[in-house]
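Engineer: pasted the sequence and its predicted model underneath.
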Amino acid sequence: MRKSLFFVCLSATLLMACQKVIVIDLNSADPQVVVEGFVEEGGQPYVYLSYTGNYFDSNNFLKVKGAIVSISDGTGLTVLLDEITDGVYRSKTTLGVTGRTYTLNILADGQEYSGSSVMPELATIDSLTFVYSPKTPFTEAGKYVTFYFREPAGVGNNYLFSFYQNGVIPEATNHAGEGPFFVYEDEFFDGLNFDFVFYPFPTFPGDLITIELVSLDDAGFEFYNTLNATLNSKSGGFSELPQNPVTNMSEGAIGYFGAVAISRKTIIIY
């Protein structure tokens, strides 16, 4: 049910060093490795590897095949991931413990890449509701879903809210430049009861809606925050080039490796 986290904006023309955003022209460039990897709390880790393409190429990016991919948990355990199909690497070993630092290591085409992430504390969705809202200048008519949770005490937590409508993330229908990812720091609602309405996404009777509350480390917040800025850019033509999302991968790789804790709830709209 997870939608790919990478879009056309992750191209070979958008080069980036670790923890730095760089903007360059649209000339052709050598392919870079794109990483989409996750260790979920109590889950089986997986990593998707591909190569970037040039800006005007199609979205059919080549997969990174035959890489050696492993994840270590900081306690001496290292898990080797199997390539189950081109560019997709998984392990049957269960990982994901709060507070542990997980490190992804990749050897591809003779080059080593790495990235680390700390498993955050799980925040749990309490409940879901929905209410009808008529059409406004910014939103379409429909039933909009709200989720509720109590934020764990202690400033420094980061969250991503994800919305799935009948198994996929739908296209936002609002005109406020929001989504498709919603990322927040807890600076202004630390330890409080929190609710969030998914106004970009109207729902209708019979829809199966799943909400994910994803707890992220700081690197995850920076990645999704800058990815949103790129996707929601209002610039036109070539007046301003999109920026690359911030990465936590080394050696010029693009993307994000994250240890995440996810709470999910589902509701059927009637």
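Structural biologist: Everything's here; your move.
Engineer: and Gly220, that one's in a strand?
Structural biologist: No - inclusion of Gly220 in a strand is not indicated when DSSP: H, G, I helix; E, B strand; the rest coil is applied; the result is helix.
Engineer: tell me the contacts of it?
Structural biologist: Ser117, Asn158, Leu160, Tyr256, Gly258, Val260 (Cβ atoms under 8 Å, 6 or more residues apart in numbering). The way it works is simple: take the backbone N, C-alpha and C, and place the C-beta from them, glycine included.
Engineer: in strands, which of the residues you listed appear?
Structural biologist: Judged by DSSP state E, the subset of these located in strands is Ser117, Asn158, Leu160, Tyr256, Gly258, Val260.
Engineer: roughly how far apart are the residue lying closest to the second one once chain neighbours are set aside and Ile209?
Structural biologist: Which is Asn158. Leaving aside its sequence neighbours, Asn158 sits nearest to Phe221 (Cβ to Cβ, 6 or more residues apart in numbering; 3.8 Å). With distances taken as Cβ to Cβ, to the nearest Å, Phe221 is found 25 Å from Ile209.
Engineer: out of the two, which sits in the busier spot?
Structural biologist: More neighbours surround Ile209 than the other of Phe221 and Ile209, with 21 against 18 (other Cβ atoms under 10 Å).
Engineer: host element of that one?
Structural biologist: Take DSSP states H and E as the rule and Ile209 turns out to sit in strand 208-216.
Engineer: in its sheet, what does that strand sit against?
Structural biologist: Sheet pairing for strand 208-216, assigned by DSSP bridges, gives strand 158-165 (antiparallel), strand 254-268 (antiparallel).
Engineer: which residues of the stretch 51-200 of the chain score low on pLDDT?
Structural biologist: Within the stretch 51-200 of the chain, the segments meeting pLDDT under 70 span 54-60, 174-180.
Engineer: can you rerun that using 90?
Structural biologist: Low-confidence regions of the stretch 51-200 of the chain, defined by pLDDT under 90, span residues 52-61, 137-139, 153-155, 171-181, 187-188, 199-200.
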